[in-house]
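[1] Predicted model and sequence follow; I will ask about them next.
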Amino acid sequence: MPVQLKCLSHTPLRGLNDPGAEVIAEVDAVLAKCRAEVEAYDPELIVVFAPDHYNGLFYDLMPPFVIATAAESVGDYQTKPGPLSVPGGLALELARHLLDSDLDIAISHRLQVDHGCTQTLQEMTGSLERYPVIPIIINSVAPPFGPYRRIRKLGQAVGSFIARLGKRVLILGTGGLSHEPPVPLLADAPQDVADFLIAGRNPTPEFRAARQARTIATGKIFGTPQCGLTPLNPEWDKAFMRLLIEGRLEQVDAFRIDEISKAAGRSTHEVRTWVAAFAALQAVGDYSAREDYYRPINEWIAGYGVVSAATV
Ligand SMILES: O=C(O)/C=C/c1cccc(O)c1O
Ligand SMILES: [Fe+2]
């Protein structure tokens, strides 16, 4: 039973601060093709590796990774609110398998997920509930982060679980590539920002609107001298995609967190979801992979890439 994979950037600025019409058309075409492939594959299960951006997970208890047995979209930016179809029993079995594999995964029986999970799920399936989906959130935005080798191990263990299911499983990785949106850091944050980062669940609509307006305003100047954030790094993105496509996954063990933040932006660590997704696929079997798309898109604050793969 072949297992399929799609890894792609997400950006909540899609539809809110768009690049030119030709770029929109290119991306729409790539996403439509991927969506049609998912439809044809008709997955019996989706496992989505995703980050969170201080919508479901906060510093009052920040796990390196967490598996959800039930999940609800907060509906941030333009994503749909509401429940995901999480098969709770199977998610718990996977959690047990991960613990048995020496991975100290956290478990949530009521996880709030944000655009980092839901945008890609919507783009690839058209909804939040079309297919059974197990979300695995990997901390990629709230430092400190564990080493990339741990993410590879997490992916491998998820893959060994998927392999024995004998089902049509679609593995998704969502986030990255190079980018640094205006997400605050806890270190040196003023008290009100620290309070939000520590326990800012269920913000008021006004608070959420102000946050989103800040991101849109940054999108309008991103990549110009007016913007102090780390610019996109297409060379880094291309090398990373090549590494995954060529199956050289063990090389991520040498990735240095601080070097990546400096070279490609602090939120580039969302590629941890791609690492886990590819490690899971590789644990199922040999794979072949292709680059569907890449373009650095300042308006979206995203090194925007799409990669597909399947076991052979
Ligand atoms: O969390 C936010 O408010 C913004 C997140 C963001 C912005 C741009 C690109 C991304 O991948 C993001 O997650
Ligand atoms: Fe993100």
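    Perfect, thanks for sending it. Ligands and ions are numbered 1, 2, ... in the order given.
[2] CA atoms for contacts and neighbours, from now on please.
    Will do.
[3] what sits against the closest residue to ligand 1 within the stretch 151-300 of the chain?
    Using C-alpha to the nearest ligand atom, the closest approach of the stretch 151-300 of the chain to ligand 1 is made by Pro181 at 4.9 Å. Applying C-alpha atoms under 8 Å, 6 or more residues apart in numbering, one finds that Pro181 lies in contact with Thr215, Thr218, Leu229, Ser267, Ile301.
[4] Neighbours of the last one, how many?
    This means Ile301. Ile301 is surrounded by 31 other residues when neighbours are defined as other C-alpha atoms under 10 Å.
[5] All further residue positions should be reported with the first residue as 28.
    Fine by me, first position is 28 from now on; the one you just mentioned is Ile328.
[6] Hmm, it is touching His37, no?
    No. Counting by C-alpha atoms under 8 Å, Ile328 sits too far from His37 to count as a contact (9.9 Å).
[7] how far away is Thr242 from Glu207?
    11 Å (C-alpha to C-alpha, to the nearest Å).
[8] and what of Leu126?
    Counting by C-alpha to C-alpha, the separation of Leu126 from Glu207 is 33 Å.
[9] Compare these two and say which is more crowded by neighbours.
    Remark: of Leu126 and Glu207, Glu207 carries more neighbours, 23 against 14, as counted by other C-alpha under 10 Å.
[10] so the more buried one, which of the three states?
    coil (DSSP: H, G, I helix; E, B strand; the rest coil).
[11] residue contacts, the closest residue to it other than its chain neighbours?
    Among residues not flanking Glu207 along the chain, Gly292 sits closest, at 4.6 Å (C-alpha to C-alpha, 6 or more residues apart in numbering). By C-alpha under 8 Å, 6+ apart, the contact list for Gly292 reads Ser205, His206, Glu207, Leu256, Thr257, Pro258, Leu259.
[12] how about those in JSON lines, adding pLDDT?
    Formatted as JSON lines, these follow (pLDDT from 0 to 100):
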{"residue": "Ser205", "pLDDT": "98"}
{"residue": "His206", "pLDDT": "98"}
{"residue": "Glu207", "pLDDT": "98"}
{"residue": "Leu256", "pLDDT": "98"}
{"residue": "Thr257", "pLDDT": "98"}
{"residue": "Pro258", "pLDDT": "98"}
{"residue": "Leu259", "pLDDT": "98"}
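[13] Before I go, just wanted to say thanks for your time.
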